[in-house]
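Undergrad: I'll drop the sequence and a predicted model, then ask my questions.
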Amino acid sequence: MPHKPRRRAGGFAEVLAALPPKEEHEYWNLDDPLASGGFVDAGGRYWRLARGPVDRRLAKRLAVDADEMTLGLWGRLHEASPGVFVPALLTPEERPAAWLDASALEYLAYEFRASGDRTLLYLVVRC
């Protein structure tokens, strides 16, 4: 008659109990506005994804005509919202240089819309 296998000492429960406690660290909420379909900027305005990726010709026009522009996930995060993804909107002075940098690389451009018929160019630069 076969005998039951012996239970090993130091099973899985014991191994888990011996692990050090989980380290607490800062959590970054990096919800992708492209996947979720929108985001709230630091001023509280909700931007919804209108279309994209858009072609290069429309992206170039939006770089000039859009009300706001951001570099998306690889841009800077807004200082007033640490730990939460809030893209920093570029100042009018920063926009031409940011567009030149992005257009020299591979990028995807998306158009976001907000209330008041405002538009935002959201650039995702690929490395």
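TA: The structure has been received and is ready for your questions. Keep in mind the model is a prediction, meaning the values are calculated, not measured. Numbers count the residues shown, from 1 in each chain.

Undergrad: Okay, buried residues for the lowest-mean-pLDDT helix or strand in the chain please.
TA: None of the helices or strands of the chain scores lower by mean pLDDT, DSSP states H and E than helix 12-18, at a mean of 75. Within helix 12-18, no residue counts as buried by 16 or more other C-beta atoms under 10 Å. In this view, the C-beta of every residue, glycine as well, is placed from N, C-alpha and C.

Undergrad: Give me the below-cutoff pLDDT ranges for the protein.
TA: Residue ranges of the chain with pLDDT under 70: 1, 7-10, 16, 22-31, 73-85, 127.

Undergrad: Apply 50 and report the result again.
TA: The chain contains residues with pLDDT under 50 at 25-29.

Undergrad: need the helices for the chain, in chain order.
TA: Assigned by DSSP state H, the chain shows helices spanning 12-18, 33-36, 56-65, 95-103.

Undergrad: so which of the ones you listed gets nearest Val86?
TA: Nearest of those to Val86, taken as C-beta to C-beta: helix 33-36 at 10.0 Å.

Undergrad: so what secondary structure elements neighbour that closest one?
TA: Contact here means 3 or more C-beta pairs under 8 Å, 6 or more residues apart in numbering; DSSP states H and E; on that basis helix 33-36 packs against strand 46-54, strand 118-126.
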